[in-house]
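# give me the fold of what follows.
(chains A and B, ligands or ions: 2)
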Amino acid sequence: MATKLPKVPVLIVGLGWAGGIIASELTKAGHKVVALERGKRAKLEDYYAMHDEVRYALRHDMMQDLSKETITFRNNDKMTALPMRTYGSFLPGDGVGGAGKHWNGVSVRFLPYDFEIYSKTVERYGKKKIPAGMTIQDWGIKWEEIEPYFDKYEKMAGISGDAEQNPMIGKRSNPYPTPPMKQTPSMKLFMEAAKKLGYNPYNGPSANLSQPYKNPDGIERAACQYCAYCERFGCEYGAKADPVVTVIPVAEKTGKLETRTHSNVLRVLHKGKKATGVVYLNTLTGEEFEQPADLVIMTSYVLNNVKLLLISQMGKPYDPATGTGVIGKNYAYQTGGGATGFFEDKEFNSYMGAGALGVCLDDFNGDNFDHSDLKFIHGGNIRHAQSGSRPIANNTVPSGTPSWGAEFKKASLKYSYRTLSVSGQGSNMPWRHHYLDLDPTYKDVYGLPLLRMTYDFEEQDREMGKFLAAKSSEILKEMGATSTVPGRDLTSYNITPYQSTHNTGGVIMGADPKSSAVNNYLQMWDYENMFVVGASAFAHNSGYNPTATVGALAYRAAEGALKYLKQGGSLV
Amino acid sequence: MSEQDAKPQNAARRTFLKQSGIALGGVVVGGVVGGVLLRPKPQVKVETKVETKVEEKVVEKVVEKEVEKIVPQPVYYHQALMFFSLEQFAIAEAAAERIFPQDDSGPGAKELGAAFYIDHQLAGPWGNNSRDYMMGPFPKAEPTQGMQTRLTRKEIFAIGLQGLQDYSMQKYKKGFADLSAAEQDEVLKVFEAGEAVQLEGTSTSAFFGLLRTGTLEGIYSDPLYGGNKDMQGWKMKRYPGNQPSYFNDIEKDGFIVIEPKSLHDHLNH
Ligand SMILES: Cc1cc2nc3c(=O)[nH]c(=O)nc-3n(C[C@H](O)[C@H](O)[C@H](O)COP(=O)(O)OP(=O)(O)OC[C@H]3O[C@@H](n4cnc5c(N)ncnc54)[C@H](O)[C@@H]3O)c2cc1C
Ligand code: SF4
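Ligands and ions are numbered 1, 2, ... in the order given. Predicted structure coming up:
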């Protein structure tokens, strides 16, 4: 039996990026907040001796413990879904700070086109451009409405970027808060090559600070040292924007945030049109608690946002047979295509770098180019990054070289610093038959069903992948590569190799309760005192990393929650 | 380094070291003497690595000379087995050496201690799949669904090594470790391809994949894990280990070789 605790005004489930931003905004406005986080506490000092490729990059020390909870996967509903037993395609975060502790910090806003993808596609190409089964829809919010929240998020994080507006991206109300990061020799090659080819390259916006920065909340952080232990690691300088060194300390300083760690939420309670609280387990003592609340904010990452709603039977579950229902609908991911260039006569200091250090272009992203004769819509951000290659993972050899033995050793040593890659981060459209629901067989360590993912790459993705790979090769050749090798063609989605932790959808936002789960404040249509925040709200995934848009939506949701606390009721 | 370095230790000098250590205080012992003790026949002049205060420099040099004379060889106490039997270790070490053999570019897996690394990893959470989802059922999987086995990595290794041994005996009438390099390569190719030999509960290719991964990790991981002996793997790859900052070098053209640092160096600071 769960012990019933006294009611609290606001409850946050999961204290990562989205939870941290909302905790900070609500406590600053004077509200008392309780945050339940399944993992442990975190502080800057934890990051001091982390430069260990095995422990953090390969054994995933900072990430979710899969022995407790994972997902099951199948490519289509004719297959039996099986658990992702070991890491894999994506790496969900764990503990205070969530995946925000160990992300790269590539911080790109989605395009104005993304928020109105259906209308804009139909307007330019007609309805027939959208193939049967592709379920793109507008997000219920427009660029002009969401732009101020991007601005807010960028100022909090201190995003580094170019002073001048790039013509391919959404119009900015303000410049980036800090100047771009340094450019390495290979980044310069990319810039020159892309300009020669007539494209519009720019410095990748980065959450690794280019210089010391004090944000509007008064948080001061040091500049990035390009230490190369960034993606999958915490930043010992606090240079990487991370909830642990930005929004969470702000919330804590108000004295209004109570964080309960090792508190795994099992289900949300509800009555009528209201959520009434949650049941959670103290994973250290095994005690179960019922925590009543006036307002519940779900920020437990895409996967658990969906899982907890389905387990709690909140919102109408999506049914792929009829295309009705909303919870679990429009799951999407990230695709793409790229190329590797071999430079016989040049070596780069590619062992140096920073998580978000890179240059990119959006000439082939969104609807920035004509798709009339192409077999796909949207596109991807093409990027050359120098995030710092580490020695176990960095053993690229020319194709045809054996993967072990004397020849492999020679080639892997020779090419350690002679390869560069350019790749397109492909957008991913939702389909009627891609969705999340509960697995009928496999359970987590708490006895709850695992989330089941039914997902595959489609012709749209394969065509786009080939297109982006060809553009990437073209740029690498112009950069002076002796030879280029295109990445493997996309076939079927495979859960094994790491691709990205850019899962999206499942609790999507929109203008209509029939086709979306939350409104444009990320307030649930069916439960007015419940907000579900994260990339779970994305109606499709763009050709970019998700977190800038997650951050913007979290600021928007925080504003919505504040409004709700004042006036109650549905906000739209 | 002088000829005297190779001479056996003598008790008087050992006493001197102890006393000077006490006399000089913990900082110097930890930062300088400790560092030297761990280093086998230093190839790099030790002074270049010392980062203690200037006033102490003169004293440090005296200590350092004495230490070099009396500690000719370190003992790698962690080079011992946590999981493998001696026979398993011999097979694993021989196989790892074929995956990453010694050649004119530098040491191979054996000298770098990769098999010790694998042994220690198998004894710990990785070998026991502690952080993997291990609940059943385990039906037949499609190739896109990733690893689906009830066996732990530890068990896969034990079965795989036995498989190498059995196959070698059957084909060459000798244990794997006693085969010629060319014969070992042939056996490993058969295991990599994964069709000719059946293993119980797993496949030779799954085992080979783990062996290859473990070997590369043993060559290039931080030396704290028992491989990458004396950072020789990093030196061979011209990899600087972990440095606190590249702020001043990141924009520079031309390849820069930096003397590597390990996590151990962080503890000494
Ligand atoms: C290696 C890596 C690199 C990345 N790089 C980039 C990048 O460069 N750019 C980019 O835009 N994005 C990147 N991302 C993605 C980015 O980290 C996420 O988009 C972001 O962290 C999502 O924020 P969130 O708040 O939704 O989830 P998180 O930050 O992960 O927070 C969710 C929190 O909820 C907690 N939780 C989950 N379930 C429960 C439960 N049942 N009870 C209690 N608590 C629970 C989790 O423990 C976690 O702390 C990267 C991710 C990874 C893993
Ligand atoms: S690369 Fe920069 S931001 Fe990333 S961990 Fe190192 S210092 Fe921090």
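# how many neighbouring residues does the residue in chain B that ligand 2 sits nearest to have?
Nearest residue of chain B to ligand 2: residue B:245, at 7.5 Å (CB to the nearest ligand atom). The way it works is simple: take the backbone N, C-alpha and C, and place the C-beta from them, glycine included. Counted with other CB atoms under 10 Å in any protein chain shown, residues neighbouring residue B:245 total 15.
# what's the mean pLDDT across the helix or strand hosting residue B:185?
According to DSSP states H and E, residue B:185 maps onto helix B:181-193. In this model, helix B:181-193 carries a mean pLDDT of 98.
# now that helix: buried residues?
Neighbour-count burial for helix B:181-193, counted by 16 or more other CB atoms under 10 Å in any protein chain shown, picks out B:183, B:184, B:185, B:187, B:188, B:190, B:191, B:192.
# what's the answer for stretch A:369-385, then?
Residues A:371, A:376, A:377, A:378, A:379, A:380, A:381, A:382, A:383, A:384, A:385 are the ones in stretch A:369-385 that count as buried (16+ other CB under 10 Å).
# quick one: the fourth one and residue A:433, what's the gap?
What that stands for is residue A:378. 19 Å (CB to CB, to the nearest Å).
# for the second one, same thing?
Residue A:376 sits 18 Å away from residue A:433, going by CB to CB.
# for the last one, same thing?
Between residue A:385 and residue A:433 the distance, using CB to CB, works out to 33 Å.
# got it, and the fifth one?
Summarising the geometry, the distance separating residue A:379 from residue A:433, computed by CB to CB, is 23 Å.
# try the third one
Counting by CB to CB, the gap between residue A:377 and residue A:433 amounts to 18 Å.
# now the residue located most distally from the centre of chain A. Its backbone dihedrals?
In chain A, counting by CA atoms, centre = their mean, residue A:406 sits farthest out from the average C-alpha position, at 40.0 Å. Per-residue torsions, residue A:406: phi -60, psi -40 (degrees, to the nearest 10).
# mind checking which helix or strand the closest residue to it other than its chain neighbours is in?
Excluding the flanking residues, the one nearest residue A:406 by CB to CB, 6 or more residues apart in numbering or on different chains is residue B:101, at 5.3 Å. If you go by DSSP H and E, residue B:101 is not part of any helix or strand.
# residues near residue B:101, how many?
For residue B:101, using other CB under 10 Å, the count is 19.
# let me know the pLDDT of it.
98.
# can you check the one 5 residues further on too?
Note on residue B:106: pLDDT of 96.
# same check, this time on residue A:410
Listed pLDDT for residue A:410 reads 98.
# for it, helix, strand, or coil?
helix (DSSP: H, G, I helix; E, B strand; the rest coil).
# contacting residues around it?
Contacts of residue A:410 were listed using CB atoms under 8 Å, 6 or more residues apart in numbering or on different chains, and they are B:103, B:105.
# what about the residue in the stretch 51-200 of chain B that ligand 1 sits nearest to, neighbour count?
Minimum separation of the stretch 51-200 of chain B from ligand 1 (CB to the nearest ligand atom) falls at residue B:131, amounting to 14.6 Å. The number of residues packed near residue B:131 is 19, by other CB under 10 Å.
# tell me the contacts of it?
Counted by CB under 8 Å, 6+ apart, residue B:131 has contacts A:59, A:60, A:65, A:66, A:67, B:125.
# make JSON lines from the residues you listed and add secondary structure and distance to ligand 1 to it.
Below are these laid out as JSON lines (DSSP: H, G, I helix; E, B strand; the rest coil; distance: CB to the nearest ligand atom, whole Å):
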{"residue": "A:59", "secondary structure": "coil", "distance to ligand 1": "13"}
{"residue": "A:60", "secondary structure": "coil", "distance to ligand 1": "9"}
{"residue": "A:65", "secondary structure": "coil", "distance to ligand 1": "10"}
{"residue": "A:66", "secondary structure": "coil", "distance to ligand 1": "13"}
{"residue": "A:67", "secondary structure": "coil", "distance to ligand 1": "15"}
{"residue": "B:125", "secondary structure": "coil", "distance to ligand 1": "19"}
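# what about the closest residue to chain B within the stretch 1-150 of chain A, helix or strand, and which?
Residue of the stretch 1-150 of chain A nearest chain B, by CB to the nearest CB: residue A:51 (3.2 Å). In this structure, residue A:51 sits in neither a helix nor a strand according to DSSP H and E.
# any idea which residue sits dead centre in chain B?
By CA atoms, centre = their mean, the most central residue of chain B is residue B:227, 0.5 Å off.
# how many neighbours does the residue of chain B found nearest chain A have?
In chain B, no residue comes nearer to chain A than residue B:242, which is 3.2 Å away by CB to the nearest CB. Per other CB under 10 Å, the neighbour tally for residue B:242 reads 22.
# wait, it touches residue A:56, no?
No - using CB atoms under 8 Å, residue B:242 makes no contact with residue A:56, being 11.3 Å away.
# roughly how far apart are the closest residue to residue A:244 other than its chain neighbours and residue A:247?
Residue nearest to residue A:244 in three dimensions, not counting chain neighbours: residue A:97, with 4.1 Å by CB to CB, 6+ apart. Separation of residue A:97 from residue A:247 (CB to CB): 10 Å.
# residues bridging contact with the two, i.e. touching both?
Here residue A:97 and residue A:247 have residue A:20 as joint contacts, going by CB under 8 Å, 6+ apart.
# for the helix holding residue B:185, packing partners?
The contact analysis (3 or more CB pairs under 8 Å, 6 or more residues apart in numbering or on different chains; DSSP states H and E) places helix B:181-193 against helix B:86-99, helix B:153-172, helix B:204-220.
# can you pull the contacts of residue A:297?
With contacts defined as CB under 8 Å, 6+ apart, the neighbours of residue A:297 are A:10, A:11, A:12, A:13, A:19, A:22, A:530, A:531, A:532, A:533, A:557, A:561.
# repeat for residue A:507
Listed by CB under 8 Å, 6+ apart, the contact set of residue A:507 reads A:305, A:306, A:309, A:315, A:326, A:327, A:517, A:518, A:532, A:534, A:536, A:537.
# any idea how far it is from residue A:557?
Distance from residue A:507 to residue A:557, by CB to CB: 12 Å.
# longest strand in chain A, please.
Assignment by DSSP state E gives strand A:288-298 as the longest strand of chain A.
# partners of that one in the sheet?
Next to strand A:288-298 in the sheet, as set by DSSP bridges, lie strand A:3-4 (parallel), strand A:8-13 (parallel), strand A:274-282 (antiparallel), strand A:530-532 (parallel).
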